[in-house]
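Q: can't give you the sequence, but here's the structure:
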């Protein structure tokens, strides 16, 4: 059986084909879903890809969260479906309140485009299930607003309940707790700033992103199709 | 009634503001030795139609809460002026 992965395309998304290629390479079936659609179709997982949805106007993700497709994404997430937001997709998920916190400008005020060493901090998510804590992955980042922020109470809760999923080995952007990725309380919604789809095909230097996307495909197959 | 509104969206106290800090660091070189506590934010000017000022404020507060500000990191301050 093949996992069908809906990849949402907003006006200004620019990583949807990278995600689709990576998913197909790993044996999944990518399906691009336009942001104006109200229906996701028969999918087993949803990815919100990177880019600059709606030009990042106002704040990254602030306008995208009101795109018609987002009601379907919220419902899919509520039903336990795996939803992963990568980079701009992570920003959309925080704006949509599907994930806690917010992403601010990098503390150094520079756009960052570089390889990053990540450390898996929790296995309790659709993106890291079966990937042991402490696993180191080399995956690139490519963002200006990746500085993860939340209040102290939220941070304490995230830490105590294993919802910090990925951390930077060396904090590049000022994120609290060097957080690179977080999950919701059920672990089925995950947001991360690094781009696993850019470290999946052998030609891209590292294939460590395949570890995360393979875990996602496995999680997707593990649940009945919605 | 028509009102002109100025909505100021600013980072909440305690939220790091690298942009404001960078602007502030440039001030001594420009000779502004007496200016400090710089915080960067956003401002929106808009026009609202409402039966009265309270109703206009109600609409704007809702707009700020749902859209113009991200309550995780930002506050909004609204000032209103009735248009002739």
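A: Alright, I've got the coordinates. Keep in mind the model is a prediction, meaning the values are calculated, not measured.
Q: residues from chain B in reach of chain A?
A: Neighbours of chain A within chain B, by Cβ under 8 Å from any Cβ of the partner chain: B:15-16, B:18-19, B:22, B:67-68, B:70, B:72-73. Heads up, the C-betas are built off the backbone N, CA and C, glycines and all.
Q: which two from these end up farthest apart in space?
A: Farthest-apart pair in the residues of chain B next to chain A is B:22 and B:67; separation 27.2 Å (Cβ to Cβ).
Q: if I pick the residue in chain A that chain B sits nearest to, what's in contact with it?
A: In chain A, the residue that lies nearest chain B is residue A:102 (4.2 Å; Cβ to the nearest Cβ). By Cβ atoms under 8 Å, 6 or more residues apart in numbering or on different chains, residue A:102 lies in contact with A:94-95, A:148-150, B:70, B:72-73.
Q: got the phi/psi numbers for it?
A: phi -150, psi 160 (degrees, to the nearest 10).
Q: Could you export the contacts of residue A:102 to a markdown table, including columns for secondary structure and neighbour count?
A: Formatted as a markdown table, the contacts of residue A:102 follow (DSSP: H, G, I helix; E, B strand; the rest coil; neighbours: other Cβ atoms under 10 Å in any protein chain shown):
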| residue | secondary structure | neighbour count |
| --- | --- | --- |
| A:94 | helix | 25 |
| A:95 | helix | 25 |
| A:148 | strand | 31 |
| A:149 | strand | 21 |
| A:150 | coil | 22 |
| B:70 | coil | 21 |
| B:72 | coil | 19 |
| B:73 | coil | 22 |
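Q: Around chain B, pick out the residues from chain A.
A: A:58-59, A:62, A:94-95, A:100-102, A:104-109, A:147, A:149-151, A:174.
Q: out of the residues you listed, which are buried?
A: A:58-59, A:62, A:94-95, A:100-102, A:104-107, A:147, A:149-151, A:174 (16 or more other Cβ atoms under 10 Å in any protein chain shown).
Q: Going by residue numbers, what spans are helices in chain A?
A: Per DSSP state H, chain A carries helices over the ranges A:16-25, A:69-78, A:88-95, A:152-160, A:209-221.
Q: What about the residues of chain B next to chain A, which are in helices?
A: B:18-19, B:22.
Q: which residues of the chain fall in strands?
A: Here I'm looking at chain A. With strands called from DSSP state E, chain A shows them at A:4-9, A:29-34, A:45-48, A:83-86, A:102-104, A:112-120, A:136-143, A:147-149, A:164-168, A:179-183, A:189-192.
Q: The chain in question should be chain B.
A: Secondary structure of chain B (DSSP E): strands at B:2-11, B:41-49, B:74-82.
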